[in-house]
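Asks: The sequence and its predicted three-dimensional model are supplied below.
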Amino acid sequence: MTCRLLFRAVLLSLAIAAGEANAQVKLTLSNLPEGETLPGKTQTIVLNVANQTDDTLILVLDLDIPKPLRALLFNKKITLYPHKSQPILVPISIPRATISGPYNLSFGVLLNGKNIGNEKTTFNVAKITDVKVELIEYPSYARSVDTIRTRFMIMNNGNSPETLILTSKNGIIKNKLVQTVPADSTIFIDMWILNDPKTYEVEDQLIDLFCDIADISQSVGDQEIIKVYPARTVKVDPFFRYPINVNASYFTQNTNGEYYNSIMQYQVSGKGSLDVDKVHNLNFAYRGPGAVRITRIGNFSQKFVHYNSRKTNVFIGEKTYGLSELTENFRFGTGIEFNTIVQDKISFGGYYNRPIFQPEIREQFGSFITFHTPKQYKYRINSLNNYLREGQTINLTSLQVDLSNFSDWRFTGEISRSFSEGQDGNAASYNTNINLDKFRISSSGLYADKNFKGYYNNSLNLGLNAGYTLDKIGFQINGNYSNSNPNLDTVFSVAPISFFMSGGILAKITKAYDLQVLAVYREKTDRLASKNFDYTEKRIRVTMGFKR
């Protein structure tokens, strides 16, 4: 009986002591996040500590912050005067790669090493889905007997593992088709593409890889097109027949189990010589009927006839008409084009075109004359009239030069002026390449003022690529600034203003080992109000290789 009373007395004294300790201070939390917290942010929590005693208290913060979250505090000591309170600002850093989910945070204070107060809260970190696919290794061209070997890099820049389903239209994926990529990590996918070894013509080969993100039914990918050259010589026809091809294609689109935009297209084409000596050649094609709405480049209807001899070309039908980069070089439409060479010193020609994808342009008339020098330098004058449907006429005139020694250097340049009801504008562009023994440089630029009425308007593009190679080490630098503003255009979209700069070193340590260090800075700014393209990227890539 005596032991029980003694035990109850001890418990009662401990409870009283704890209550007195807790009564010394009062803790409250404010500025807590509302809803989910985005990774890559800093949330500042206000911890208010109130001294409820008649004594001055020297307290130490006791924080329990789960990793990878981090409290950005340098001094954790607090001096509280009697019956006073003090707000403590506690910045909590949530790194970009923080895994989504709940995180329990505890804010307490210690007095003489003992906890005398504690408050808890929970951060619910939101899930960020950010998967990118980049083609990093592929040949610039291939032969028909080659197996194209490529490598893609898949980056999960989000904060949660992603399950990806890999697909390719014509490639053989060497890895598993279902990949789980951890948060803030990168994997590499190897792919092979088999060519037709029996082809006799230069063909385009598509290199593509797409990833379906399982959780959100979204697809991301990257693709590139390279030329495949035939390994066999051209097949000779002993009977001298003109080849004609006929084929048909069926297109349809399935969305949520429903088919629409279905269409059958037919194509008849021919390409070959009209005589045994191959002086006169004819190329024609018809593809139709109608345009296809499915997003697939090149499936709109098209018909044309093209005749060429050694000095003369005549084209009638639909194609992309243009004179130069500054004088409307990107207008697909229906028209006629003619050019010929006179005594190997002068060539001239022109075209008439009605653009299909730019309804604001009613018709175009273009012409040029080129002078060839004995050194094979070229000087060309271009002139183009744009007749708009609103009644305005725009004239674009330019002078081009093409200078080269065909071994070490080449320079091309163009200056242009537009004339339009007193609002005349100017534009200029250049492209140069220098390739010496150990040093190489290529640079290009384009400028068009705000009154220039060509394809480019109020634009500035600059590019630079340079490299210097020694016996076992090489240096390279690349830069690009793009502020393009296509005028009267609905085909291409280059709204962001972008700046890109990279520099690197490639070292050949031994015959078997090599090392590459590349630093990249990229910045994009959106002109539009939505600002969907605003971002800055900084990264360094180190690659080591061993070859046996």
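Replies: Thanks, I have it.

Asks: contacting residues for Glu537?
Replies: By CB atoms under 8 Å, 6 or more residues apart in numbering, the contact list for Glu537 reads Val520, Tyr521, Arg522, Glu523. C-beta: built from backbone N, CA, C; applies to glycine.

Asks: measure the last one to Asn261 for me?
Replies: Using CB to CB, to the nearest Å, one gets 38 Å for the distance from Glu523 to Asn261.

Asks: between the two, who's got more neighbours?
Replies: Glu523 (16 against 13; other CB atoms under 10 Å).

Asks: List the residues that contact the more buried one.
Replies: The contact partners of Glu523, by CB under 8 Å, 6+ apart, come to Ser498, Phe499, Phe500, Tyr535, Thr536, Glu537.

Asks: same deal with Ala519?
Replies: For Ala519, the contact set (CB under 8 Å, 6+ apart) comprises Ser502, Gly503, Gly504, Arg539, Ile540.

Asks: now those residues: which count as buried?
Replies: Burial of those was assessed by neighbour count (16 or more other CB atoms under 10 Å); the buried members are Ser502, Gly504.

Asks: and Leu436, how many neighbours does it have?
Replies: Neighbours of Leu436 (other CB under 10 Å): 10.

Asks: meant to ask about Ile356
Replies: 16.

Asks: Just to check, it is in contact with Phe332?
Replies: Yes - counting by CB atoms under 8 Å, Ile356 touches Phe332, with 5.7 Å between them.

Asks: Name the residues contacting each of these two.
Replies: Applying CB under 8 Å, 6+ apart, one finds that Ile356 and Phe332 are jointly contacted by Glu318.

Asks: List the buried residues in stretch 306-316.
Replies: By 16+ other CB under 10 Å, the buried positions in stretch 306-316 come out as His306, Phe315, Ile316.

Asks: ditto for stretch 220-237
Replies: Val220, Gly221, Asp222, Ile226, Val228, Pro230.

Asks: and it, how far out from the chain's middle?
Replies: 25 Å (CA atoms, centre = their mean, to the nearest Å).

Asks: which residues touch it?
Replies: Contacts for stretch 220-237 (CB under 8 Å, 6+ apart): 131-135, 138-146, 148, 152, 195, 197-211, 213, 243.

Asks: Of those residues, which belong to strands?
Replies: Members of those lying in strands (criterion: DSSP state E): 131-135, 141-143, 148, 152, 203-211, 213.

Asks: Can you tell me the SS state at Thr340?
Replies: Here Thr340 is recorded as strand under DSSP: H, G, I helix; E, B strand; the rest coil.

Asks: what about Asn461, how many residues close to it?
Replies: Per other CB under 10 Å, the neighbour tally for Asn461 reads 18.

Asks: these two touch, right, it and Gly479?
Replies: No - applying CB under 8 Å as the test, Asn461 and Gly479 come out as separate, 11.7 Å apart.

Asks: re the thing from before, buried subset of the ones in strands among the contacts of stretch 220-237?
Replies: Of the ones in strands among the contacts of stretch 220-237, these count as buried by 16+ other CB under 10 Å: 131, 133, 135, 142, 148, 152, 205, 207-211, 213.

Asks: quick one: which two of those residues are the most distant?
Replies: Maximum pairwise distance among those (CB to CB): 30.8 Å, between Ala142 and Ile213.
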